[in-house]
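A.B. asks: Sequence and predicted structure below; questions after.
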Amino acid sequence: MVKNKIRDWLEVRIGLDELVKTQLTEYRVPKQINVFNTLGSVALAGYLIQVISGIFLLIYYIPHSDHAFRSVQDIMTNVPYGWLFRQIHVAGSNLMITAVTLHMITIFLMGNYKRPRELTWIGGSLMLVIYVSLRTERLSIALDTAQLLGNDCCDIFAHGISGNRRFHYPAPARWRLCDWITLSRFFAVHVSILPPLFLILMIAHIALIRRIGLSATPFGKSDEEKRPLTEFRKKTHPEGQPYYPYLFQKQALMVIGYFIVMFCDNHICTEVLFP
Amino acid sequence: MKRRSFLKALFAILGTASVTSFAYPLVRYLAPPGSSDKDKKVVLAKADIPVGGSKIVLFNDKPVIVINRPGKGFVALSKICTHLGCLVEYEKDKNRLICPCHAGTYDLEGNVLSGPPPGPLPKVSLKVEGEQLIIG
């Protein structure tokens, strides 16, 4: 069969079986793990959705102050299914902050940020900062000079951060944001600097989780946090469940749930929660 | 039917349905938009092109060069070289068109003078009506 042939081809070249064994079926996670431990993978899915829909938007978006707003309008009205990809990008960005915030709150409440996992927590915090910056730029690059000049630049800038029209920067903080160079810079930062940075941090984040081992607190017994931290000890959970299929199933379910909420609640997210 | 094979089939059907529902909008989104103005005539003012001058217009999404030939009147020629499809340039002082890629040259009727092009530049119909040029 073709499937087996491909499998064999990969097996002799990269040792597929061993890879699956060590990374999926013999990688054990605590038995007490539940959906709260899947929120990180939901955030990861959210990031991937943003990247893919963002790449599609790049095809029709024009990063110039004279054309930016018009091209966004074109994507919404003229390009076939352009509204779909833009709304995925918009609703995805709103929903991702929900996933990220829930992830952070649950990690905090379960105490999983405690030693020896401080670096994972710091990496996550840096990703949050990058994520908020990415959200800040979204309005700035969707508008052109005329739009920016017609409104108060900083109000729009602030609106992007807070999602609140009544939020104003104090007067001394108003700086010039309105020319096309600003737009180009925002655009460059938004598409080519922050997302790869985010990706690098995420790879480090996941590598750290794999290296240190998942924390079982507070649902399982854990001596990890009580022992004196004098040497590195990987938490392997020999009594736990294999990652695949047990935790993987939960993650897949939650990601499907993310998709459902993204499509169903598109209207609620964009019009009601974050107008 | 066993429960396991039923679930497999269900998963396959639902999976295919969701992938298709993504693939169709994606193909439509990425496909270049079809031109709505097929064979739409292009109208120019005669005064826009002085004697020895030229103007490039788009006809059926392809570039066409309109030349006001000294002593011979207007002509509209495809700007696409018949050799490998580069865009030919009008050389005013030599009264010819030259392709920058492989130096194919054409006269102002579109006939090949020298170089690799296998055939003449196609002419596009051009009518002079009063003060207007109608191309197409």
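C.D. replies: All right, it came through fine.
A.B. asks: which residues touch B:T105?
C.D. replies: Residues counted as contacts of B:T105 (Cβ atoms under 8 Å, 6 or more residues apart in numbering or on different chains) are B:R96, B:L97, B:I98, B:C99, B:V112, B:L113, B:S114, B:G115. Every C-beta, even on glycine, is put in place using the N, C-alpha and C of the backbone.
A.B. asks: Name the spans of the stretch 101-250 of chain A whose pLDDT lies under the cut-off.
C.D. replies: A:138-140, A:142-182, A:217, A:219-225 (pLDDT under 70).
A.B. asks: Which single residue in chain B comes nearest to chain A?
C.D. replies: As assessed by Cβ to the nearest Cβ, chain A sits closest to B:P25 within chain B, at 3.8 Å.
A.B. asks: Show me what the longest strand seen in chain B is packed up against.
C.D. replies: The strand that spans the most residues within chain B, counting by DSSP state E, is strand B:62-69. On a contact count with 3 or more Cβ pairs under 8 Å, 6 or more residues apart in numbering or on different chains; DSSP states H and E, strand B:62-69 meets strand B:54-59, strand B:73-78, strand B:132-135.
A.B. asks: Please report phi then psi for B:K79.
C.D. replies: With angles defined as degrees, to the nearest 10, B:K79 sits at phi -90, psi 0.
A.B. asks: Report pLDDT for it.
C.D. replies: pLDDT, B:K79: 93.
A.B. asks: Quick check: beta-bridge partners of the closest residue to it other than its chain neighbours?
C.D. replies: Setting aside the residues directly before and after it, B:K79 is nearest to B:P63 in space (Cβ to Cβ, 6 or more residues apart in numbering or on different chains), at 4.1 Å. With DSSP bridges as the criterion, B:P63 is bridged to B:L58.
A.B. asks: Run through the residues that contact B:P63.
C.D. replies: Contact analysis of B:P63 by Cβ under 8 Å, 6+ apart lists B:I56, B:V57, B:S78, B:K79, B:I80, B:L87.
A.B. asks: Closest residue of the stretch 1-150 of chain A to chain B?
C.D. replies: A:Y81 (3.8 Å).
A.B. asks: Now the phi/psi pair for that residue, please.
C.D. replies: Backbone torsions for A:Y81, taken as degrees, to the nearest 10, come to phi 60, psi 10.
A.B. asks: quick one on the thing from earlier: so which of the helices and strands packed on strand B:62-69 has the densest surroundings on average?
C.D. replies: Ranked by mean neighbour count, the helices and strands packed on strand B:62-69 are led by strand B:73-78 with a mean of 19 (mean count of other Cβ atoms under 10 Å in any protein chain shown).
A.B. asks: Run through the residues of chain B sitting next to chain A.
C.D. replies: Within chain B, the positions near chain A by Cβ under 8 Å from any Cβ of the partner chain are B:P25, B:L26, B:R28, B:Y29, B:L30, B:A31, B:P33.
A.B. asks: quick one: the fourth one is in a helix?
C.D. replies: Yes. Counting by DSSP: H, G, I helix; E, B strand; the rest coil, one finds B:Y29 located in a helix.
A.B. asks: Count the neighbours of whichever residue of the stretch 151-275 of chain A sits closest to chain B for me.
C.D. replies: Nearest to chain B in the stretch 151-275 of chain A, going by Cβ to the nearest Cβ, is A:F259, at a distance of 8.7 Å. By the criterion of other Cβ atoms under 10 Å in any protein chain shown, A:F259 has 16 neighbours.
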